[in-house]
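J.: need a structure here:
(3 chains)
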Amino acid sequence: MLSLLENPRLRGGIHAEEYKAETSGLPIATNLPLPKKLYIPVQQHVGKPAEPLVKVGDKVLKGQLLAYSQGTISAPVHAPSSGTIIDVLDYPAPHPSALPIRTIVIETDGLEQWTSLDIPADPFQLEAEEICLRVGAAGVVGLGGAVFPSAVKLNLGRKNQIHTLLINAGECEPYLTCDDRLMQERATDIVSGIRLMLRGMNAPKAMIGIEDNKPEAFSAMQAACEAFENIDIIQVPTRYPMGWDRQMLRYLTGWEIPADGRATDIGVVIHNVATAYAVYRAVCLGQPLISRTVTVAGSAVAKPQNVEVLIGTLMSEVLNFCAADKSRTARLVMGGPMMGDALPLSEVPVVKACSGILALSAADIEDPEVKPCIRCSSCVTACPVGLLPLEMASRIRVNQLDAAVDLGLKDCINCGSCSYVCPSNIPLVHYFKFASGELFKRQQMEHKSEQTKRLIDDRNKRMERIRLEAEAEAKRMAEARAARLAEQAKAKAQAAAETEGS
Amino acid sequence: MIRQPISGPHVAAVQSVDNIMRKVIFALLPATGCGVLIFGWPALYLCAVTIAAALLCEALCLKMKGVAAKPYLMDGSAFLTGLLVAMTLPPWAPWWIGVVGSAIAIILGKQVYGGLGQNLFNPAMLARVALLISFPIEMTTWVNVKPLLFGPGVLDSLAVTFSASVNTDGLTGATTLGAVKTGFSLNQTLPGLLYEYSGWLSFIGWERGSLGETSSLLILLGGLWLWRQGVIQWQIPASLLGTLIVFSTLFHWLDPQHYLSPWVHLNSGAVMLVAFFIATDYVTSPNTPLGQLVFGAGCGLLIFVIRSWGGYPEGTGFAILLMNAVTPLIDHYIRPRIYGRYRNGKPLDISQS
Amino acid sequence: MYILSAILILTALGLILGLSLGIAGKYLKVESDPLVDKVEALMPGSQCGQCGFPGCRPAAEAVASGTAPVTLCPPGGTSLVEQLAKLLGIEVDLSQTEDQEPMVARVSEDTCTGCTRCFKVCPTDAIVGAPKQIHAVVADACIGCAKCVAVCPTECLQMHPIEVTLRDWRWPKPLAKAA
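T.: Residues are numbered from 1 along each chain as shown, chains lettered A, B, ... in the order given. Next up, the predicted model:
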């Protein structure tokens, strides 16, 4: 009994309204008209931004390298279509602040001419390192939203000799069905991608975890995996945040990743199912990551559906394609409604991280008044990590951030389950995001003050040195002068003596 | 940035404070109705006066704080506190007992601590205990069962509640627990003392007692409904009643002449009300399931101890206040285990997994 | 009779226990580092003077002796207030304090005369320049003490808030609508 309390396979979480039925039955639309301009930010991944190697005026082909990766944790960026580079500027990023980010702008020529692609004869005979290199060169990053460079993860997996690859097909966020449709339509390609990942890491087996609200996707993937003994697909209960990789891993295997460690520490690597598809495209077809499936939904959208969008397409164009009503849009969200970001404007580009564009009407979001905390502890029940959101929030409200860290702030995954259930509508996750940012800022300030102390120290030493030199100089001059005077006096005395003598 | 950036989540559950309060009030209505039915019109008037006083005190305090009163008055929290205070009062108590009780509950029990969500002690229990100690006569005058249409009429009942002129000699008696305690002090023993006790009548509420807590059956039903609605968790009622049953069974088995049976314990002195409605109060109970189990067990144990060996026949009020005081301690030491860490906060050992 | 003996016994007990506490406090005392040094170590050390004291050491002495509040140091921010409060074991209500917007100095190049007065007073050597040449502020090293602004004869030095970029953007605190 106690062990059930201690190690539940599935803890916390919420059962949200899914809103998936409207889009999960429609095929992925591939007929989005080619945009006139494509805006490609150089940083669409975790790590160092890519460095552009094209100049204004260059003609580029579809799939051509635009910016190369810098450092170990980085990813390159490629041209989604053929055309001319018309600008490299700071353009608003798809971010709640809409602050600018370095962006390469391509004016498309409508020809969609591909660059020369390196298609291997037999992808499944490639060496593991070769697969990882190709994946890295194609700019594949985690498409579940974390956008971590996939090649780095694959290499890490190979170095750590992992024994299981977990493919996360949870897609627990309401509204989003891009992974669902991908699995229904392109299951064989996804399985090829999984096999390539396994080969790239020299790993023996893979398991795919899929929520049970996607029965068609499950059957499609099951049929595709049948031929391969080492790939299993298992259904998991539908409960947000089942797609949290650690929760899914614990549910399927009972293993827990240590708090300060990574999945590779226990011999597992986790990838999103759409990333597996991107790996297939990168290795088998030689195509870099230049497009992705995006779910466009929300009450303000008249034709909700999944669309295959070229990276760099402005969200406003995608919304127009799906007949979104701007006047009814109370909030524009990139991603899912639980962890997605509210964007202040829609003229921002679709990036690799964008799994959904939601135009939510006022009725969808219901922004009610915040009331005081009644300590009902619904948030404690909902938290999948096992934290005490009400306690952390009350400390953060009075700026006692260290107390909040003691309560486990650093383990919060910002899933939003606590804010979802709060009867007083307290913006709990907002407090935690604020606190994390604040702690980071304080760390930076501490570094700055250490640096300041060093600079002041150096300056004082420099002043001291100057003063000593000046003193030494003055002393020397005084001595020289005294010596000179002594000489003069001596010479005078001698001259006087001589005059007397003669 | 011109306006505040908005953080997710952008959807929310339907649960709200108003909703929760309304459900609790709804769950209490059957038992209150039964109280009015059994004790007549004075009970209804006392209820009304207590609740009105609670709302008035709340409005007054909010005005002094300089906060808009309407949202807080409408969310049902003051109404609920008033109702709970009324339910623990003797049904024919004078009106000023209800007013003083509400005032203590709202002003001293809630607003002084900072308002909704900030109090340390359960306001209704605080009021009850304060009244019990300050006005022992009025708070221990238990009227006999006088059903609605057989007791004083509508207008006569006004005199009962609002003036002190009604002679209640011959109309009152002791509750079960009170009679038993007095009997023990006179060296009488069970089961003789329970000669006029009927287990079943007691269960449905046909006995002397406080306004709303005589009917264990209706309160139990209300509490179970509340649990199914997800408003309360099972841990506190289960551990409170469980501990009480365990201890009373043990001692009754060891010495049936000096210890009441578990059935009598469960049906008297508002144990059901406390288990489902008072101890489960969000603000004053622990946050975690394990903490709630400890809290409930502590309450059950204290109720038994105070009833059996304490000076007062009734122990629930004191038991709750004592455990409320311990709640912050429970919350400090009993925390859920964080994913990826041991209970003491250290990250898991890799070799273990 | 009983009352008298009770009074005598309790009084004696009180006196004995009180005396023991006093003796223990004196002879069993634990020596620790001087508080002033600990406080000074926490301060930014920029000797900027914004607290009103002529440097971090005098400010640390004032804080340690209790004559100055722990909220005296603007560059230290709320993190410093929290640390000092913890060190001195005092309660501080941080809900009303907010971090000051960090500022850096900037030279307006059209009005700089190259008089060199500013870089002589800069405690972190953040200003570069030579006599009769336009000066510039190295923003990374600037601590916002504003001493240079005070001595500049042409008022070409101004304090500006640091521009936020996407990299260092952080979530602001949610507005407190309820108690």
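
J.: contacts and neighbour counts: CA atoms only from here.
T.: Noted.

J.: and the lengthiest helix in chain B, how far out from the chain's middle?
T.: In chain B, with assignment by DSSP state H, the single longest helix is helix B:41-65. A distance of 18 Å separates the C-alpha centroid of helix B:41-65 from that of its chain, computed with CA atoms, centre = their mean, to the nearest Å.

J.: now do stretch A:387-407
T.: With CA atoms, centre = their mean as the basis, the distance from the averaged C-alpha position of stretch A:387-407 to the chain average is 25 Å.

J.: ok, back up a step: does chain A sit close to the longest helix of chain B?
T.: No. Among the residues of helix B:41-65, none lie within reach of chain A under CA under 8 Å from any CA of the partner chain; the closest is 13.8 Å away.

J.: Going by neighbour count, list what's buried in that helix.
T.: By neighbour count on 16 or more other CA atoms under 10 Å in any protein chain shown, the buried set for helix B:41-65 is B:41-59, B:61-62.

J.: Next up, the contacts around residue B:261.
T.: Under the criterion of CA atoms under 8 Å, 6 or more residues apart in numbering or on different chains, the contact partners of residue B:261 comprise B:248-249, B:252.

J.: Could you export those residues to TSV, including columns for neighbour count?
T.: Output for the contacts of residue B:261, formatted as TSV (neighbours: other CA atoms under 10 Å in any protein chain shown):
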residue	neighbour count
B:248	24
B:249	19
B:252	16
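
J.: Please convert the residues you listed to a markdown table, extending it with pLDDT and secondary structure.
T.: Formatted as a markdown table, the entries for the contacts of residue B:261 read as follows, by pLDDT from 0 to 100; DSSP: H, G, I helix; E, B strand; the rest coil:
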| residue | pLDDT | secondary structure |
| --- | --- | --- |
| B:248 | 93 | helix |
| B:249 | 94 | helix |
| B:252 | 90 | helix |
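
J.: and of those, the nearest to chain C?
T.: Distances from chain C to the contacts of residue B:261, taken as CA to the nearest CA, are shortest for residue B:248 (40.1 Å).

J.: Do I have it right that the closest one meets residue B:259?
T.: Yes. The pair residue B:248 and residue B:259 qualifies as a contact (CA atoms under 8 Å) at a distance of 7.3 Å.

J.: what's the distance between residue B:55 and residue B:85?
T.: For residue B:55, the distance to residue B:85 (CA to CA, to the nearest Å) stands at 12 Å.

J.: Repeat that for residue B:333.
T.: Computed with CA to CA, the distance linking residue B:333 and residue B:85 is 32 Å.

J.: what's across from residue C:158 in the sheet?
T.: On DSSP bridges, the residues paired with residue C:158 through beta bridges are residue C:106.

J.: and it, what is it in contact with?
T.: C:105-108, C:149.

J.: burial measure for the nearest residue to residue C:92 once chain neighbours are set aside, as a count.
T.: Leaving aside its chain neighbours, residue C:92 sits nearest to residue C:85 (6.5 Å; criterion: CA to CA, 6 or more residues apart in numbering or on different chains). Around residue C:85 there are 17 other residues, counting by other CA atoms under 10 Å in any protein chain shown.

J.: Below-threshold pLDDT in the chain: ranges please.
T.: Chain wasn't specified; assuming chain A. Applying pLDDT under 70 to chain A flags residues A:1-8, A:501-502.

J.: should've been chain C
T.: In the predicted model, chain C carries pLDDT under 70 at residues C:32-33, C:44-49, C:79, C:94-102, C:176-179.

J.: any idea how it splits into domains?
T.: Per the record, chain C has its domains at C:35-88, C:103-161, by automatic domain parsing.

J.: Quick one: closest of the ones you listed to residue A:330.
T.: The stretch from the domains of chain C with the least distance to residue A:330 (CA to CA) is domain C:103-161; that distance is 32.4 Å.

J.: ok so, going back, could you turn the buried ones of the contacts of residue C:158 into a ChimeraX selection?
T.: Typed into ChimeraX, the line below selects the buried ones among these, using 16+ other CA under 10 Å:
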select /C:105,106,107,149
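
J.: Counting neighbours, what do you get for residue A:473?
T.: Residues within reach of residue A:473, counting by other CA under 10 Å, total 12.

J.: where does the residue of the stretch 201-350 of chain B found nearest chain C land in three-state SS?
T.: Taking CA to the nearest CA as the measure, the stretch 201-350 of chain B has residue B:283 as its residue closest to chain C, at 15.2 Å. State at residue B:283, reduced to three classes by DSSP: H, G, I helix; E, B strand; the rest coil: coil.

J.: residue contacts, it?
T.: For residue B:283, the contacting residues are A:374-376, B:117-120, B:122, by CA under 8 Å, 6+ apart.

J.: Show me those that map onto strands.
T.: Cross-referencing the contacts of residue B:283 against strands under DSSP state E gives no overlap.

J.: so where do the strands sit in the stretch 351-500 of chain A?
T.: Per DSSP state E, counting those that start in this stretch, the stretch 351-500 of chain A has strands spanning A:356-360. These are given in chain order.

J.: got it, and chain C?
T.: For chain C, the strands defined by DSSP E cover C:103-107, C:127-128, C:136-137, C:157-161.

J.: Show me what the second one is packed against.
T.: For strand C:127-128, the elements it packs on are helix C:117-121, strand C:136-137, judged by 3 or more CA pairs under 8 Å, 6 or more residues apart in numbering or on different chains; DSSP states H and E.

J.: ok, that strand: who's next to it in the sheet?
T.: Looking at strand C:127-128 with DSSP bridges, its partner strands are strand C:136-137 (antiparallel).

J.: Identify all contacting residues around the partner strand.
T.: With contacts defined as CA under 8 Å, 6+ apart, strand C:136-137 is touched by C:105-107, C:126-129.

J.: Point to the residue nearest the middle of chain C.
T.: Within chain C, one residue has its C-alpha closest to the average C-alpha position: by CA atoms, centre = their mean, that is residue C:73, at 3.0 Å.

J.: Contacts only, for the residue nearest to that residue when sequence neighbours are not counted.
T.: On the basis of CA to CA, 6+ apart, the spatially nearest residue to residue C:73 that is not a chain neighbour turns out to be residue C:51, at 5.4 Å. Counting by CA under 8 Å, 6+ apart, residue C:51 touches C:59, C:72-74.

J.: Phi and psi next, for residue C:51.
T.: According to degrees, to the nearest 10, the main-chain angles of residue C:51 amount to phi -80, psi -10.

J.: on contacts alone, who are the packing partners of the longest helix seen in chain A?
T.: When chain A is scanned for its longest helix (criterion: DSSP H), the result is helix A:428-501. Using 3+ CA pairs under 8 Å, 6+ apart as the contact criterion, the elements in contact with helix A:428-501 are helix A:389-397, helix A:417-421.
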